[in-house]
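Novice: pasting the sequence and the predicted coordinates here, then a few questions.
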Amino acid sequence: MQYTPENAQKVGDALPIDQILCGDNLDLIQKLPDCSIQLVITSPPYFQQRDYGGGMGNETDVDEYINILLCLFRECTRVVKDDGSIVFNIGDKYMDSNLLLVPYRFALAATETGLVKLVNEVTWVKRNPTPRQFRRRLVSSTEPFFHFAKSDNYYYDINAFLAQERAQKQRNKKGNTKLGQRYFELISESELSKSEKTAARKELTEVIQEVLHGQIYDFRMKIRGIHAEPFGGQIGGRTLQLKNKGFTIIRMHGNKLKRDVIETSVAAVKGNKHPAIYPVEVVEEFLHLLTRPGSLVLDPFMGSGSTAVACKKLGRHYIGYDINATYCEDARQRVSEMPKYRLIN
Ligand SMILES: C[S@@+](CC[C@H](N)C(=O)[O-])C[C@H]1O[C@@H](n2cnc3c(N)ncnc32)[C@H](O)[C@@H]1O
């Protein structure tokens, strides 16, 4: 039976939903059915960076490292649904003063499998990189998150990506009873006729409601005799509205440009011993972009549990693997101690 949010309970026995399992991810992932996962999001051990007490990352050769990662990646493509995605975050490595470009070698090899398309390289900009200034090179303060899709039909909610700023502004406006009040005053002060003033007040009231209900981000109003006419001298739609109706309202839909950059600080989790934690906020952005509420997400290198935390926060289900029993125990503890969230999508 295929997993869907609706039949989560029924398949719960077959799939370890909302669990973090201890073991080698290549063994564990083989137990998952085909096309059961909406999103794989993960950060494998970087090449020759740390010893996690077992598992991969300390291969002698970068090609061997990439081949091992590719074995897992192929399994990820098998378990991901046809409209699903895979997001891999990999850091780079200097060897003998030479930057190896490990992330790009991996991304190239992954696309050469022919199983996926590379949709974006999203750059995570670290606001607080390790403060260690080198004399002969600059401090690395970015890392790529590669977004691969299994088909052209991948689920994608671009409006939900990096939308908190807009949501925050809207919340501020909801508490702002003065929204648009200055325009009411200007209408009264204006030279508009009585019927034009009535129409202007009516449309202003409507547009304020649109902002308060989150249908639009913001608006501007221009009133004849008060505001300057649009530049350029051309008789466009707005100039005509000003002339004929006495006012014009410009609705702003708030579609901020969605750039391939996420800027956050490097995370530290109080009391957690894991040495390489990625920020929950970054995972949240990919959950908004690539999953629906209730979707099932897999992290085969769960580490401190950041992916599980983001999933629980946003009402997604997760499955996590880590080879280190202490990390698994700490991650389960971290998730269980999370406060209850009111879900806003
Ligand atoms: C870079 S960390 C992941 C950190 C995680 N994203 C977080 O925010 O905490 C990589 C993790 O992969 C685990 N690991 C390494 N090889 C593994 C394997 N073969 N199977 C499962 N886990 C493995 C390590 O124990 C380590 O916790």
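Specialist: Structure received. Numbers count the residues shown, from 1 in each chain.
Novice: helix or strand for the closest residue to D157 other than its chain neighbours, which one?
Specialist: Excluding the flanking residues, the one nearest D157 by Cβ to Cβ, 6 or more residues apart in numbering is L289, at 6.1 Å. All C-beta spots, glycine's among them, are computed from the backbone N, C-alpha and C. Element membership for L289 (DSSP states H and E) is helix 280-290.
Novice: packing partners for the helix or strand that comes right after that helix?
Specialist: Following helix 280-290 in sequence order, the next helix or strand is strand 296-299 (DSSP H and E). With contacts taken as 3 or more Cβ pairs under 8 Å, 6 or more residues apart in numbering; DSSP states H and E, strand 296-299 sits against strand 37-42, helix 306-314, strand 317-322.
Novice: returning to what we had before: the helix holding L289 near the ligand anywhere?
Specialist: No - taking Cβ under 6 Å from any ligand atom as the criterion, helix 280-290 and the ligand are apart, separated by no less than 8.1 Å.
Novice: neighbouring contacts of that helix?
Specialist: 38-39, 41, 84-85, 87, 89, 124, 145, 147, 154-158, 160-163, 262, 264, 267, 295, 297, 306-307, 309-311, 313-314, 316, 345 (Cβ atoms under 8 Å, 6 or more residues apart in numbering).
Novice: now list the buried members of the residues you listed.
Specialist: Among these, those scoring as buried are 38-39, 41, 84-85, 87, 89, 124, 145, 147, 154-155, 160-163, 262, 264, 267, 295, 297, 306-307, 309-311, 313-314, 316 (criterion: 16 or more other Cβ atoms under 10 Å).
Novice: which of the residues you listed are close to the ligand?
Specialist: Within the buried ones among the contacts of helix 280-290, those near the ligand by Cβ under 6 Å from any ligand atom are S306.
Novice: so the residue of the stretch 51-200 of the chain found nearest the ligand, which state does it fall into?
Specialist: Nearest residue of the stretch 51-200 of the chain to the ligand (Cβ to the nearest ligand atom) works out as G55 at 2.1 Å. Here G55 takes the coil state, with states given by DSSP: H, G, I helix; E, B strand; the rest coil.
Novice: wait, doesn't it sit right on D27?
Specialist: No - if you go by Cβ atoms under 8 Å, G55 and D27 don't touch, sitting 11.6 Å apart.
Novice: okay if I get the helices and strands packed on strand 296-299 as JSON lines plus mean pLDDT and distance to P103?
Specialist: JSON lines is the format used below for the helices and strands packed on strand 296-299 (pLDDT from 0 to 100; distance: least, Cβ to Cβ, whole Å):
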{"stretch": "strand 37-42", "mean pLDDT": "98", "distance to P103": "13"}
{"stretch": "helix 306-314", "mean pLDDT": "97", "distance to P103": "19"}
{"stretch": "strand 317-322", "mean pLDDT": "98", "distance to P103": "21"}
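Novice: save the ones you listed as TSV, and put in distance to V119 too.
Specialist: As requested, the helices and strands packed on strand 296-299 are exported to TSV (distance: least, Cβ to Cβ, whole Å):
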stretch	distance to V119
strand 37-42	12
helix 306-314	19
strand 317-322	22
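Novice: still on that earlier bit, neighbour count winner among G55 and D27?
Specialist: Neighbours per residue (other Cβ atoms under 10 Å) separate G55 from D27, with G55 holding more: 19 against 11.
Novice: now that one. Nearest residue, chain neighbours left out?
Specialist: I323 (4.0 Å).
Novice: just S295 next, same as before
Specialist: Nearest non-adjacent residue to S295 (Cβ to Cβ, 6+ apart): Q38, at 3.8 Å.
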